[in-house]
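Q: Here's my sequence, what's the structure:
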Amino acid sequence: MADSALLFSQVQAVLPDEIVTTNVLISNGVIADLDAAGTVTADQKIDGRGLYLMAGVIDDQVHFREPGLTHKEDLANASRACAAGGVTTFLEMPNTKPPATTIRAVRHKESLAAQKSLVNYGFYIGATPDNLTELQAATDVPGIKIFIGSSTGNLLVDNQEALERIFSQTNLPLCAHCEDEATVRNNALKYEGRSDVAVHSLIRDVEAAKIATARAIDLACRHRHRFHVLHVSTAAELPLLSPETRPFVTAEVCPHHLFFNVDDYDRLGSLIQMNPSVKTSEDNQQLWQALRDGKIQVIATDHAPHTLEEKQQPYPHSPSGLPAVENSLALLLDQVTRGNCRLTDVSRWMSDAPARVWGIVGKGRIAQGYDADLVLVDLRRHQTIQNERQHTKSRWSPWAGQTLTGWPIATWIKGECVYRDGQFDDQVRGSKPRFDHQRGGYWSTPDGIGLA
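A: You can find the predicted model right below:
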């Protein structure tokens with residue numbers, strides 16, 4: 001934690017419901033004053049004129065591959081990518097090798113992150129058909145991840161009896177990859193023999209997503225258990241996110257499902273091969289509208305890198321997944337400059353909402369007393385995404401060649417500058433935040449998750 005004072009002078013601070021030009025004082029790693037006098041004593045002053053100060057992004061769905069698959073990604077490189085992209089906290093999924101399906105495995109990943117991560121971190125515990133005792137004993141983690149389809153080994157949980165036990169006999173918030181395994185397998189047989197990557201969206205089709213999402217929401221509502229729908233990919237899922245589910249159900253969408261569709265396979269091939277698959281341009285439009293309407297609350301990346309060589313294998317040998325964590329905020333800032341959403345929307349979707357969903361205390365807002373996890377943004381900056389400039393270990397992006405307007409230029413972790421204009425402070429380390437699930441999650445915290 002920083003022991004000195006930092007003043008952002010005349011910066012445009014992105015608050016939950018408005019943007020105000022003000023002086024923001026940081027002291028001892030927290031936001032001390034949102035209307036500080038310009039003459040206040042501070043060890044460092046940053047001229048914020050023409051720039052925007054936002055709460056750091058909380059990416060609640062990433063795959064950073066450590067331990068076991070570090071040739072694709074690792075915590076050191078991934079956390080650098082986070083810092084460069086304005087992501088100050090990540091929540092990582094359990095499908096590493098070995099999978100994090102025990103408390104001991106989760107604690108091991110936390111110890112690795114404490115040594116290596118430049119930004120804050122949390123790790124889900126993974127559900128299996130037979131680890132209920134571990135799930136019941138787990139504490140101080142963001143939640144439980146279930147793979148209802150699309151997994152390997154013992155992480156796949158598609159047996160109804162096992163799902164009923166998890167939803168009825170655990171207390172942590174749940175999230176799930178929702179694709180119906182039976183539908184995917186039947187479609188794979190139906191299209192057996194096709195080797196063009198576009199068939200991926202026929203195998204992992206709309207029905208596979210809709211069936212599994214409906215199944216999970218039914219479980220959540222019947223057992224009155226908080227549940228987060230990961231990576232909504234199709235308009236067919238949106239009617240399931242009705243107001244009646246709202247005490248228990250929240251949802252998210254990923255940039256690749258907002259920006260890519262089946263028409264992009266000809267141009268990008270397996271680089272946009274994802275689970276769930278990309279769908280149609282109409283799905284893109286309706287997912288955007290669901291964000292604006294509040295049916296979907298969160299944007300997260302599902303950052304899941306593979307080496308370029310692995311991705312360029314012929315389908316179906318090409319793996320699903322793509323890197324996104326260092327470009328996600330810039331992609332959304334570009335939409336702000338195009339007039340498709342507001343900066344306050346982006347901050348709500350990417351910072352405030354995930355903090356509330358997962359009970360991350362003192363995070364997600366620019367508010368007095370909150371942690372000074374911050375990102376400074378220049379909405380005038382034009383920059384082209386280039387593979388060779390990526391910080392992720394995989395060193396490629398499906399958005400390579402795209403020029404965006406609006407970029408994060410500096411990132412702070414509890415008041416310590418970890419990244420600025422291409423330079424990192426590799427001495428900075430993030431920490432595990434406090435997860436307080438007793439606050440009730442997203443629907444119980446309209447004024448923010450609050451402080452310790």
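
Q: ranges for the helices of the protein?
A: Using DSSP state H, the helices found in the chain span residues 75-85, 103-116, 132-137, 160-169, 181-190, 200-203, 206-223, 255-259, 265-268, 281-293, 308-311, 328-337, 343-347, 353-357.

Q: Can you name every helix or strand that the longest one contacts?
A: Using 3 or more CB pairs under 8 Å, 6 or more residues apart in numbering; DSSP states H and E as the contact criterion, the secondary-structure elements in contact with helix 206-223 are strand 144-148, helix 160-169, strand 174-178, helix 181-190, strand 227-229, strand 249-253. Quick note: C-beta positions are derived from backbone N, CA and C, even for glycine.

Q: The same query, at a cut-off of 7 Å, please.
A: With contacts taken as 3 or more CB pairs under 7 Å, 6 or more residues apart in numbering; DSSP states H and E, helix 206-223 sits against strand 144-148, helix 160-169, strand 174-178, helix 181-190, strand 227-229.

Q: can the ones you listed go into TSV with extra columns for mean neighbour count?
A: Formatted as TSV, the helices and strands packed on helix 206-223 follow (neighbours: other CB atoms under 10 Å):
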stretch	mean neighbour count
strand 144-148	27
helix 160-169	16
strand 174-178	27
helix 181-190	15
strand 227-229	26
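
Q: Could I get these in CSV, plus columns for mean pLDDT?
A: Below are the helices and strands packed on helix 206-223 laid out as CSV (pLDDT from 0 to 100):
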stretch, mean pLDDT
strand 144-148, 96
helix 160-169, 97
strand 174-178, 97
helix 181-190, 96
strand 227-229, 98
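
Q: which one of these lies closest to residue 24?
A: Proximity of those to residue 24 was assessed by CB to CB; the nearest stretch is strand 227-229, lying at 30.8 Å.

Q: related to what we said a few turns ago, any chance of the helices of the chain in TSV, with distance to residue 229 too?
A: Below are the helices of the chain laid out as TSV (distance: least, CB to CB, whole Å):
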stretch	distance to residue 229
helix 75-85	23
helix 103-116	23
helix 132-137	19
helix 160-169	14
helix 181-190	17
helix 200-203	19
helix 206-223	6
helix 255-259	12
helix 265-268	25
helix 281-293	11
helix 308-311	26
helix 328-337	18
helix 343-347	20
helix 353-357	11
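
Q: who touches residue 358 in this structure?
A: By CB atoms under 7 Å, 6 or more residues apart in numbering, the residues touching residue 358 are 60, 91, 142, 143, 173, 435.

Q: For residue 42, which of the helices of the chain is the nearest?
A: Set against residue 42 and scored by CB to CB, the helices of the chain come closest in helix 75-85, at 22.6 Å.

Q: Can you tell me which of the helices of the chain is nearest to residue 431?
A: Going by CB to CB, the one of the helices of the chain nearest residue 431 is helix 103-116, 7.3 Å.

Q: Let me know the average pLDDT across that closest one.
A: Across helix 103-116, the average pLDDT comes to 98.
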